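Asks: structure, please.
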Amino acid sequence: MMRMNRANLVNGIWSYLPAFRAVAETEHLPTAAKALHVVPSALSRSVRLLEEAVGEQLFARQGRRLVLNAQGRALLDAVRESVGTIERGLARAGEQDFEGELRVGTIGVLTNHVVLPILLDLVAERPKIVPTMRACGARESNHRLAIGALDLAFYYDATSMDGVWCERLGALGASVYCGRRHPLFAAKRVTQKMLLEHPFSVPQIGDRNVPMDGWPVHLERKVGMRIELLLTNLDVALSGRFVCVLPDVVALPHARAKRLRRFSFDLVPPIEVYGACREGDQDRDLHRRVFGAVRESIEELSSKE
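Replies: Numbering: from 1, shown residues only. All right, here's what the predicted structure looks like:
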């Protein structure tokens, strides 16, 4: 296949994209043709012309079915993202209320303790909004915001990217804990030296090349276990097997119930929380409302620590 000049490619394939999306989502020409009120042969021709323009096969032919291949799936994802961006742009241009899918990236403790309650309240008030939550860190969130695959994101690392607006929303406290079965739980006096003699359960390294639990890189600790999700450390700590760094909002209820012991050493700085969106969207009413609600929630949670 001959590939079109890249500068003219988008203009050349624009008119074929509705046909491509209908066929790609049904993988059946007659069904797609019925949805678009055209004959199957017209759709088949549009798909063929699109493949010639792109210079790639987008489907594997299986009788009357057209099954997406890897190149086709990539284009379908791009078309869906672009259509979503256009729909949101039309809503802004017409000063319409946001409705439909609200795609939110979040991670760890933020998900259940901060973001989820806010989204549930939002849906109760505006049922036409359909939140879609995705677990992703700062780097992945920023990439998805930049290409229009996310609307909002909340994370811990203040990483920057062209086209992405980011603001600090507050901080959540974190401390070192152990469970009832751990040797240090019942100790009358625990020094920092004693604490560091025991192995820790530690999370993965974050996007800024520092541990995601905020442990200072200059202070060496024994590693007894490695986990992917910081929240997993709650169960690890409760087991009593390892010492763990935990967000206070998660751990303090267990400490008050005497299932965890909290050590008062000032070793771990507060966990900074950031909100992000595409550049320019930060002034939209819905975005301001959600960011403000997250900020208030963090302030309230911090006051209880």
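Asks: helix or strand: which one has Leu195?
Replies: Of the helices and strands defined by DSSP states H and E, Leu195 is found in helix 192-196.
Asks: sort out which residues of that helix are buried, please.
Replies: For helix 192-196, the buried set under the neighbour-count rule, 16 or more other Cβ atoms under 10 Å, comprises 195-196. C-beta: built from backbone N, CA, C; applies to glycine.
Asks: would you list the phi and psi of the residue lying closest to Ser297 once chain neighbours are set aside?
Replies: The spatially closest residue to Ser297, leaving aside those adjacent along the chain, is Val114, at 5.0 Å (Cβ to Cβ, 6 or more residues apart in numbering). Val114 adopts backbone torsions of phi -130, psi -60, taken as degrees, to the nearest 10.
Asks: quick check, central residue of the chain?
Replies: With distances taken as Cα atoms, centre = their mean, the chain has Gly105 as the residue nearest its mean C-alpha position (2.5 Å).
Asks: beta-bridge partners for it, please?
Replies: With DSSP bridges as the criterion, Gly105 is bridged to Arg134, Ala153.
Asks: distance check, it against Leu122.
Replies: 16 Å (Cβ to Cβ, to the nearest Å).
Asks: returning to what we had before: got the contact list for the helix holding Leu195?
Replies: Residues outside helix 192-196 that contact it (Cβ atoms under 8 Å, 6 or more residues apart in numbering) are 176, 184, 187, 219-222, 243, 263, 265, 267.
Asks: ok, which pair from the residues you listed is furthest apart?
Replies: Spanning the widest gap among the contacts of helix 192-196 are Ala187 and Glu220, at 21.5 Å by Cβ to Cβ.
Asks: the two: who's more crowded?
Replies: Taking Ala187 and Glu220 together and counting by other Cβ atoms under 10 Å, Ala187 has the greater number of neighbours (13 against 9).
Asks: who's in contact with the more buried one?
Replies: Met194.
Asks: doesn't it lie inside a helix?
Replies: No: residue assignment for Ala187, taken from DSSP: H, G, I helix; E, B strand; the rest coil, gives coil, which places it outside any helix.
Asks: do you know how far it is from Lys258?
Replies: Taken as Cβ to Cβ, the spacing of Ala187 relative to Lys258 amounts to 15 Å.
Asks: and for Ala186?
Replies: For Ala186, the distance to Lys258 (Cβ to Cβ) stands at 11 Å.
Asks: now swap in Leu50 and tell me
Replies: For Leu50, the distance to Lys258 - Cβ to Cβ - is 65 Å.
Asks: neighbour count for the two, which is higher?
Replies: When Leu50 and Lys258 are compared on other Cβ under 10 Å, the one with more neighbours turns out to be Leu50, at 21 against 9.
Asks: need the nearest residue in space to Ala24, chain neighbours excluded.
Replies: Using Cβ to Cβ, 6+ apart, the nearest residue to Ala24 is Leu76, at 4.5 Å.
Asks: for the one you found, what are its contacts?
Replies: With Cβ under 8 Å, 6+ apart as the criterion, the residues that contact Leu76 are 20-21, 24-25, 68.
Asks: try Ser46
Replies: Shown in contact with Ser46 (Cβ under 8 Å, 6+ apart): 16, 19-20.
Asks: can you give me the end-to-end span of stretch 53-71?
Replies: Terminal residues of stretch 53-71 lie 14 Å apart, using Cα to Cα, to the nearest Å.
Asks: do stretch 279-292 as well
Replies: Taking Cα to Cα, stretch 279-292 runs 17 Å from one end to the other.
Asks: please apply the same query to stretch 171-187.
Replies: Between the opening and closing residues of stretch 171-187 we find a distance of 30 Å, counting by Cα to Cα.
Asks: my guess is Cys277 contacts Val164. True?
Replies: Yes: assessed by Cβ atoms under 8 Å, Cys277 is found in contact with Val164 at 7.5 Å.
Asks: joint contacts of those two?
Replies: Overlap of the contact sets of Cys277 and Val164 (by Cβ under 8 Å, 6+ apart) consists of Leu145.
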